[in-house]
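*Asks:* Any chance you could fold what I've pasted below:
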Amino acid sequence: MGRRWSFLAVVLLAGCSRPAAPVPQAEPPKEVSTDFKRLKSVLEGLRKPEAIAVYPGLPSEFWEPQLREVEASRNRTVRLQGYLFYDDRLELKGEVADRLASVLTAERSFQRRRAAKKCGGYDPDYCIEWRSDGATTYILVCLECGEVKLFGPRAELYCDLSAESGQDLERWLKPFRKYQPPGSG
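*Replies:* I've put the predicted structure just below:
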């Protein structure tokens, strides 16, 4: 009888010793050009919008990693251009859409990217999805560091927002923060 228990224990332990299947990791965000000469090409994709929508970003990966992890496990999320957002696609219309369009189509709203900032790294607060002429441009805005990544049908660009346009975007996008948990920044 003792041998049977020993054999059973060995079988059970052997069954537990198999390595777990690796958890698939999301593809990291790709490098985006900082060549400011690309701005005109990117802005060409922002013709009169057929639709503008916004996806709110999760809490900061740098400042609030535990809260981000909790939010990602409790809420439906979507990965856009390698970054995680709440899966709350909110269609914008009327005055807010018009104001965003006026800022996002103006060359003066963007500046050449400066060196890294002391904000904890690029972590977009919002993804603005702009559909025009059958194509989609994704505009990922990090208000904390004033940076933006634009992924258009013709070109991509990583640059800074002008101070004024950053303030405008923050004011107009702030109402959508209600989709983030209290205290998330």
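*Asks:* Can you name the residues bridging to the residue nearest the centre of the chain?
*Replies:* Using CA atoms, centre = their mean, the residue of the chain that lies closest to the mean C-alpha position is residue 83, 4.0 Å off. Beta-bridge pairing for residue 83 (DSSP bridges): residue 80.
*Asks:* Also residue 156?
*Replies:* With DSSP bridges as the rule, residue 156 is bridged to residue 151.
*Asks:* these two touch, right, it and residue 45?
*Replies:* No. Judged on CB atoms under 8 Å, residue 156 makes no contact with residue 45 at a distance of 10.2 Å. Heads up, the C-betas are built off the backbone N, CA and C, glycines and all.
*Asks:* Now do the helix or strand harbouring residue 54: everything it contacts.
*Replies:* Counting by DSSP states H and E, the element that carries residue 54 is strand 51-56. Residues from elsewhere that reach strand 51-56, judged by CB atoms under 8 Å, 6 or more residues apart in numbering: 78, 80, 85-92, 97, 100-101, 125-131, 173, 176-177, 179-180.
*Asks:* what packs against the helix or strand just after that strand?
*Replies:* Heading C-terminal from strand 51-56, the first helix or strand you meet, by DSSP H and E, is helix 65-74. The contact analysis (3 or more CB pairs under 8 Å, 6 or more residues apart in numbering; DSSP states H and E) places helix 65-74 against no helix or strand.
*Asks:* For the strand holding residue 54, buried residues please.
*Replies:* Within strand 51-56, the residues scored as buried using 16 or more other CB atoms under 10 Å are 52-56.
*Asks:* Just checking: what are the partner strands of it?
*Replies:* Each strand paired with strand 51-56, and its direction, by DSSP bridges: strand 90-92 (antiparallel), strand 126-132 (antiparallel).
*Asks:* Low-confidence stretches in the chain?
*Replies:* For the chain, the stretches flagged by pLDDT under 70 are 1-28, 178-185.
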